[in-house]
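1. Need a 3D model of the sequence below.
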Amino acid sequence: MAAPIDCCQNRNYSAAISEYNKIFRSDLKSLKELQEKAITVLISGKDCICSLPTGYGKSLIYELLPFIDHGCLVIVIAPLNAIIKQQVQKLCGMAMCFSGVNDISRLKSGEISYVFSHPEEILQSRELNDAFTSDRLNTRKIYLVVDEAHCILQWGDEFRPEYRNLSNLRSVFKCQVLALSATVTESGPKQIISNLLMKNCQIICASPAKDNIELIVKKRPSPNTKGNTASSPYDFIFSHVITELNCQLDAFPLTVVYCKSMQWIRYGYEMARQLLADNFYAGDKTQQNARVVMFHSSMEKGSGQLKDMIISSLQKADSCIRLIISSVALGMGADLKYVRRVIHAGPPTTLETYVQEIGRSGRSDTSAQAILYYNNNDLAAQHMRNEMKVYCRGERCYRELINEYFGFKAVQKPSVCCNRCQPEHGLEWDFDKLSIA
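-> Coordinates of the predicted model:
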């Protein structure tokens, strides 16, 4: 058990929150219990692993450090450009993105409090490594933050191998290490501690199955059943979702539908254009007024303006967008406060990915739904992990299955849990107009 936080520390945190709000024009009132606990661990000189649910506010832990430990430098390693761009914009002139071609004079002069980088760039930059050995930076307290730390476990052999080499940074500068994730399994912390050479490390964790998300699992048609076609499993889902959108329009709860291939993302989008007709747009027929959008990795190949426009729109409570048909690209680091429902048209291959993706919903602590559709073809797919099959075929509480996989044996259930505990829940998603097998 962690040592109690004394009154002096609480006063310091209050002052830090006040200064943080003033600089970033925020309205943060207080810290959540585990945010406060993590900060206390770090400023005491220990390393820390935080495995907290999506939307808990993990980034706030490192964002507040310069306001508590004045003069410190926070180096954040992140896997995706979207995460880095979002955070650098949020932290304004106090932050910089290091891409290997930056002018680092502001870092050397002490003007910068946060440095964001990919592992490949920070590890391969001789200029940056030399800067950290300079007298100016060598005297600063440094916190090394590894965001989405589960990437160390999932990547690192052939795909982005530098994730396994981040411990090399500890030979360049002395630092406290903070590893952040929402989906670290029971054995994960030991591997992260070993990989990052963490010492005197404290682990802070909470169940990844958020209480405000109702878990619903349903079967969908198989394309192999007599009378069905390849599109039947998707018609089953899209036709009902789009019909509901056409009835409710702007009252339709913001919904993400995840599909595994571009073929079915485009298919759902075109179905929406046809079925919604003039209701596809909320006003003039411009992209900014579209109620339905696609989101996928190939959007990066252009200027990125459309992707930025969608993410920016989704930050607003009054966004025109009501339905996002997406690939896994709408995943880690996407801070979408107003999503109320996530639908999977087929299960992802791992339970870690599933928990990450359903965490796009319910981030403002409002009630939300996660609806997963599967068929036997889905479960027979190559690389489908056994724990995902067990979850889909779950014969008991779906929340318990998630919690047990991530090492939480006894967690109190919310009043609205899942359609295994409460079979009457989610009946509106039990469509029966197509044969199921």
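2. Show me where the stretch 51-200 of the chain dips below the pLDDT cut-off.
-> When residues are selected by pLDDT under 70, those of the stretch 51-200 of the chain lie in 100-102, 156-159.
3. OK, contacts around residue 71?
-> Contacts were defined as CB atoms under 8 Å, 6 or more residues apart in numbering; by that measure residue 71 touches 110, 140-141. Just so you know, the C-beta spots here come from the backbone N, C-alpha and C atoms, and that holds for glycine as well.
4. and residue 6, what pLDDT?
-> Here, the pLDDT recorded for residue 6 equals 42.
5. Same question for residue 10.
-> The predicted structure scores residue 10 at 51 on the pLDDT scale.
6. all strands of the stretch 201-350 of the chain, in order?
-> Across the stretch 201-350 of the chain, reading from the start of the chain, the strands by DSSP state E, counting those that start in this stretch fall at 201-205, 213-219, 255-258, 292-295, 323-326, 341-345.
7. for those strands, which one sits closest to residue 99?
-> strand 292-295 (24.0 Å; CB to CB).
8. Let me see the residues that make contact with the closest one.
-> In this structure, residues lying in contact with strand 292-295 by CB under 8 Å, 6+ apart are 242, 245, 265-266, 269, 272-273, 276, 280, 307, 310, 321-327, 329-330.
9. And the helices in the stretch 151-300 of the chain?
-> Under the criterion DSSP state H, counting those that start in this stretch, the stretch 151-300 of the chain contains helices at 188-195, 232-248, 262-276.
10. picking that back up, could you point out which of the contacts of residue 71 is nearest to residue 51?
-> Closest approach to residue 51 among the contacts of residue 71 (CB to CB): residue 141, at 24.5 Å.
11. Could you report the neighbour count for the closest one?
-> Residues near residue 141, counting by other CB atoms under 10 Å, number 17.
12. right, and residue 273 touches residue 285 too?
-> No: under the criterion of CB atoms under 8 Å, residue 273 is not in contact with residue 285, lying 11.0 Å apart.
13. quick one: which of those two has more around it?
-> Using other CB under 10 Å, the more surrounded residue of residue 273 and residue 285 is residue 273, with 14 against 9.
14. got the contact list for the more buried one?
-> By CB under 8 Å, 6+ apart, the contact set of residue 273 is 280, 292.
15. if we go to 6 Å?
-> Contact criterion CB atoms under 6 Å, 6 or more residues apart in numbering gives residue 280 as the residues in contact with residue 273.
16. Residue 75 too?
-> 115, 144.
17. Doesn't it belong to a strand?
-> Yes: according to DSSP: H, G, I helix; E, B strand; the rest coil, residue 75 belongs to a strand.
18. Could you measure from it over to residue 69?
-> Remark: distance between residue 75 and residue 69 (CB to CB, to the nearest Å) = 14 Å.
19. cool, and residue 219?
-> Taking CB to CB as the criterion, residue 219 is separated from residue 69 by 53 Å.
20. cool, and residue 212?
-> According to CB to CB, residue 212 stands 33 Å off from residue 69.
21. Residue 115 belongs to a strand?
-> Yes: counting by three-state DSSP, residue 115 is found in a strand.
22. How many neighbouring residues does it have?
-> The tally of other residues near residue 115 (other CB under 10 Å) stands at 22.
23. and if you look at the one 10 residues further on?
-> Burial of residue 125, expressed as a neighbour count using other CB under 10 Å, amounts to 19.
24. Same question for residue 275.
-> 16.
25. same deal with residue 263?
-> Applying other CB under 10 Å, we find 12 residues neighbouring residue 263.
26. secondary structure element for residue 373?
-> Element membership for residue 373, per DSSP states H and E: strand 368-374.
27. following that strand, which helix or strand comes up?
-> The C-terminal neighbour of strand 368-374 among helices and strands, as given by DSSP H and E, is helix 376-379.
28. In three-state terms, label the residue lying closest to residue 68 once chain neighbours are set aside for me.
-> For residue 68, ignoring the flanking residues on the chain, the nearest one in space by CB to CB, 6 or more residues apart in numbering is residue 16 at 4.6 Å. Assigned by three-state DSSP, the conformation of residue 16 is helix.
29. Return the residues in contact with residue 16.
-> With the criterion set at CB under 6 Å, 6+ apart, residue 16 makes contact with 64, 67-68.
30. re the thing from before, and the strands of the stretch 201-350 of the chain: which comes nearest residue 399?
-> In terms of CB to CB, the element of those nearest to residue 399 is strand 213-219, at 6.0 Å.
31. how far off strand 341-345 does that closest one point, in degrees?
-> Strand 213-219 runs at 20 degrees relative to strand 341-345, counting by axes from the mean of the first three to the mean of the last three CA atoms, to 10 degrees.
32. Quick one: list the elements packing against strand 213-219.
-> In terms of contacts (3 or more CB pairs under 6 Å, 6 or more residues apart in numbering; DSSP states H and E), strand 213-219 is packed against strand 368-374.
33. could you say what helices and strands the strand it packs on packs with?
-> Using 3+ CB pairs under 6 Å, 6+ apart as the contact definition, the elements that strand 368-374 packs against are strand 213-219, strand 341-345.
34. Report the strands that pair with it, each with its relative direction.
-> On the basis of DSSP bridges, the sheet neighbours of strand 368-374 come out as strand 213-219 (parallel), strand 341-345 (parallel).
35. Would you mind finding the most buried of these?
-> Each of those was given a mean neighbour count from mean count of other CB atoms under 10 Å, and the largest, a mean of 24, is that of strand 341-345.
36. Tell me how far the helix or strand following that strand lies from the chain's centre.
-> Taking DSSP H and E as the definition, the helix or strand that follows strand 341-345 towards the C-terminus is helix 351-358. A distance of 9 Å separates the centroid of the chain from that of helix 351-358, by CA atoms, centre = their mean, to the nearest Å.
37. Right, I'll call it a day here.
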